[in-house]
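**Q** coordinates for the following, if possible.
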Amino acid sequence: MKSLIIILLTICLLPLTSSASDEVEFWLRKLDHSLEHKDKYENVKKHRIAYLRRSLNVAKGPVRRYKLCHSLFEEYKAYRNDSAMAYAWQCMQLAEKTGNDDMMVEARCAVAFCQISAGIMNEAYNTISVINPEHLDVKQKRDYYSLCSKLWQENANYTNGTPYCDNYKKKSIAYVDTLVMLTPKNSAEYWMHMCTLQMRTGQWEKSIEAFRNFQKYGNVDSHTKAMTYAVVAWAFTGQGQTDSAKVYFARSAIYDNISCTREITALYLLAKLIYKDDYNRASRYIHLALNDITFYDSRQRKIDLGAILPLIEQDRYEAIRSQRNYFMLAAALFVVLLAVSLLSVRFVRRKNAKIMQARNTISENLAQLREVNRQLTEANKIKNEYIGMSFCANSELLSRLQKLFTVLDHKIVAHQYGDLRAIIDRTVLDTERDSMYASFDAAFLKLFPDFIEKYNLLFDEKYRTIPRKNSLTSEMRIFALIRLGINDSERIANFLNYSVHTVNTYKTRVKNRSLLDNSKFEPAIIAI
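**A** Numbering: from 1, shown residues only. Okay, the predicted model is just below:
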């Protein structure tokens, strides 16, 4: 009966539950707010274009007119393709008049960009195939290779699912790799290209790390930010982090809106991710994206949108129909819920008394368990401290015996007790020390029977050591003392009859061989 109540409540409250995370919802609202000011950003762009056109009308000389035409191309290239194409062709004509090779290369790249955006790939290839990159300066090479990368990536997108796709992708990646090598490392452009390269090669984590470096640079234009945010969104998609992908596609769409980008926006990519959870918003985004692409006049983007638009609209229709059926079902269930609730009140009251009784019993048992745990913790602490103190006491005793033997030896040398020297043998002391080590090893391994096995797991196979039965190696003995709580190198040295330097040398050598960082090795020993 309780389960039925929970199910009914869940169904009734379902519309109030948001499937997106708080961060995703925050950026979607930011995007909605930005889209409300779409006309404001577009008016700013129109004013810039109008100013450039007026300047072009009164400009004289092919060089001055070329610069203005190219500036107009830059304004239009991501805004409206037919206008961008018109100014790109004017750039070609003016470059031919000047006879300037640099202008000709720049104009050809402008024309090819428009052709790629329009989806006429063969013409774009023919336009840039006559350019010899060996004769270009570094900036021109970067522009040229960026355009080549765009050409082959668009070809790969268009032929997706065919045998040609992988070959086109490889060509695009090769050009991006060249761009990375040609771009200064300490720059936003370098990290943008690196982010793109890692994403296209499927190295998602490295792509995200490159994006973090890109974010350190503040003097980046909105269009570049939009492109880079979209790239890192693809990286998050590759990692299966859908919420992060939604966030960065939303942020990319915001910068697309600010920069008045119409060529390709993150809006329709975002719509593809959210339409299962938010049909109305996804439908609004996809229609805005369709308006942008229609305004820009990109055939390939229209094909991409044509694939997702029917799905979103169909799901939106299904959602509306489901909501209608849901409300009818909810009304019926509400009546059932009311009847079940009245019957459940008495049942709940009867169960409440039993729950309170069980709660009291659990509280008593929990208090007893805590006391037992406290006693066990205390006993374990005493055990470790007692063992450590015992072994240290033995070490100090041996040190005193050693001093005594030294004094006796001096007396013998002084001919005071000549007959005693024959009975003093230093090997007796060594034997006692070996015996003490054997006792220590046996006692320690009895307390920690799996110490050797877990100790060896901290090293590669070639550095693992299996000592004799019930014994430890010298290196293991140092860390056995550390496991018992003896961290002072001087006390360890006294116990093992080593110098402090030798103990520290052993510790450093062992840590350097381990699979862990040096700072994490001793905590791992303590955890055994």
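**Q** make it CA atoms for all contacts and neighbour counts henceforth
**A** Will do.
**Q** pretty sure W204 sits against L197.
**A** No - contact criterion Cα atoms under 8 Å: W204 and L197 do not qualify, at 10.0 Å.
**Q** okay, the two: which has more neighbours?
**A** Using other Cα atoms under 10 Å, the more surrounded residue of W204 and L197 is L197, with 25 against 21.
**Q** list phi and psi for the more buried one.
**A** phi -60, psi -50 (degrees, to the nearest 10).
**Q** pretty sure it sits against D177.
**A** Yes - using Cα under 8 Å, L197 is in contact with D177, at 6.5 Å.
**Q** OK, contacts around T127?
**A** When contacts are counted by Cα atoms under 8 Å, 6 or more residues apart in numbering, T127 is found next to R108, C109, V111, A112.
**Q** could you tell me how many residues sit around the residue lying closest to L269 once chain neighbours are set aside?
**A** Spatial nearest neighbour of L269, excluding adjacent residues (Cα to Cα, 6 or more residues apart in numbering): F249 at 7.1 Å. Neighbour count for F249, taken as other Cα under 10 Å: 32.
**Q** which helices and strands does the helix or strand encompassing F249 pack with?
**A** Here F249 sits within helix 242-258, counting by DSSP states H and E. Contacts defined by 3 or more Cα pairs under 8 Å, 6 or more residues apart in numbering; DSSP states H and E place helix 242-258 against helix 22-36, helix 38-58, helix 222-239, helix 267-274.
**Q** if we go to 6 Å?
**A** Applying 3 or more Cα pairs under 6 Å, 6 or more residues apart in numbering; DSSP states H and E, one finds that helix 242-258 contacts helix 222-239.
**Q** pull out the buried positions in the helix it packs on.
**A** Residues of helix 222-239 classed as buried by neighbour count (16 or more other Cα atoms under 10 Å): 222-238.
**Q** now do stretch 143-151
**A** Applying 16+ other Cα under 10 Å to stretch 143-151 flags D143, Y144, Y145, S146, L147, C148, S149, K150, L151 as buried.
**Q** list of residues touching the strand or helix carrying K507?
**A** Taking DSSP H and E as the criterion, the element that holds K507 is helix 500-513. The contact list for helix 500-513 (Cα atoms under 6 Å, 6 or more residues apart in numbering) reads S489, E490, A493, N518.
**Q** that one: how far from the chain's middle?
**A** 36 Å (Cα atoms, centre = their mean, to the nearest Å).
**Q** for that helix, list the C-alpha coordinates in CSV.
**A** Taking C-alpha atoms only, helix 500-513 is exported to CSV below (Å, rounded to 0.1, in the frame of the first residue of the first chain):
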residue,chain,number,x,y,z
VAL,A,500,70.6,7.4,10.0
HIS,A,501,72.0,8.2,6.6
THR,A,502,71.7,4.5,5.6
VAL,A,503,68.1,4.3,6.8
ASN,A,504,67.1,7.4,4.8
THR,A,505,68.9,6.0,1.8
TYR,A,506,67.0,2.8,2.0
LYS,A,507,63.7,4.7,2.4
THR,A,508,64.4,6.9,-0.6
ARG,A,509,65.5,4.0,-2.8
VAL,A,510,62.4,2.0,-2.0
LYS,A,511,60.0,4.9,-2.6
ASN,A,512,61.6,5.7,-6.0
ARG,A,513,61.0,2.1,-7.1
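**Q** which parts of that helix are buried?
**A** So for helix 500-513, counting by 16+ other Cα under 10 Å, buried means V500, V503, N504, Y506, K507, V510, K511, R513.
**Q** C-terminal to that helix, what's the next element?
**A** Downstream of helix 500-513 (by DSSP H and E), the next one is helix 518-526.
**Q** give the rounded mean pLDDT of that next one.
**A** Along helix 518-526, the predicted local confidence has a mean pLDDT of 89.
**Q** could you check the angle helix 500-513 makes with it?
**A** Interaxial angle of helix 518-526 relative to helix 500-513 (axes from the mean of the first three to the mean of the last three Cα atoms, to 10 degrees): 100 degrees.
**Q** now for helix 518-526, which elements pack on it?
**A** Partner elements for helix 518-526 (3+ Cα pairs under 6 Å, 6+ apart): none found.
**Q** mind listing residues that contact it?
**A** R483, K511.
**Q** same check, this time on stretch 434-449
**A** With Cα under 6 Å, 6+ apart as the criterion, stretch 434-449 contacts N470, S471, L472.
**Q** stretch 284-304 now?
**A** Y79, R80, N81, A118, G119, R262, E263, L267, Y268.
**Q** the bottom helix or strand of this structure by mean pLDDT?
**A** helix 2-13 (a mean of 43; mean pLDDT, DSSP states H and E).
**Q** which elements pack onto the strand or helix carrying Q140?
**A** According to DSSP H and E, Q140 maps onto helix 138-158. Applying 3+ Cα pairs under 6 Å, 6+ apart, one finds that helix 138-158 makes contact with helix 165-182.
**Q** now with 7 Å?
**A** Judged by 3 or more Cα pairs under 7 Å, 6 or more residues apart in numbering; DSSP states H and E, helix 138-158 is in contact with helix 101-118, helix 165-182.
**Q** in this structure C260 contacts E42, no?
**A** Yes - counting by Cα atoms under 7 Å, C260 touches E42, with 6.1 Å between them.
**Q** these two - which one has more neighbours?
**A** C260 (26 against 17).
**Q** pLDDT score assigned to that one?
**A** 91.
**Q** what about it, distance to Y79?
**A** Remark: distance between C260 and Y79 (Cα to Cα, to the nearest Å) = 6 Å.
**Q** equivalent analysis for L28, please.
**A** Noted for L28: a distance of 23 Å to Y79, by Cα to Cα.
**Q** show me which of the two is the more surrounded one.
**A** Y79 (24 against 21).
**Q** in three-state terms, label the more buried one for me.
**A** coil (DSSP: H, G, I helix; E, B strand; the rest coil).
**Q** residues in contact with it?
**A** Applying Cα atoms under 7 Å, 6 or more residues apart in numbering, we find Y79 in contact with C260, T261, R262, E263, Y296.
**Q** just to be sure, the fourth one is in a strand?
**A** The one in question is E263. No - with three-state DSSP as the criterion, E263 is assigned coil and is not in a strand.
**Q** I figured it was touching A78, is that so?
**A** Yes - the pair E263 and A78 passes the contact test of Cα under 7 Å, sitting 4.9 Å apart.
**Q** so where's this protein uncertain?
**A** Where the chain drops to pLDDT under 70, the residues are 1-20, 299-325, 375, 378-379, 381-397, 400, 404, 416-429.
**Q** hmm, 50 instead?
**A** Applying pLDDT under 50 to the chain flags residues 1-20, 382.
**Q** now the residue nearest to the spatial centre of it: how far from L151?
**A** Centroid-nearest residue in the chain: E205, 5.0 Å away (criterion: Cα atoms, centre = their mean). Counting by Cα to Cα, the gap from E205 to L151 is 26 Å.
**Q** from the contacts of helix 500-513, which single one is nearest N186?
**A** N518 (31.9 Å; Cα to Cα).
**Q** count of neighbours near the closest one?
**A** Quick note: N518 (other Cα under 10 Å) scores 15 neighbours.
**Q** try the one 10 residues further on
**A** For I528, the tally of surrounding residues (other Cα under 10 Å) stands at 13.
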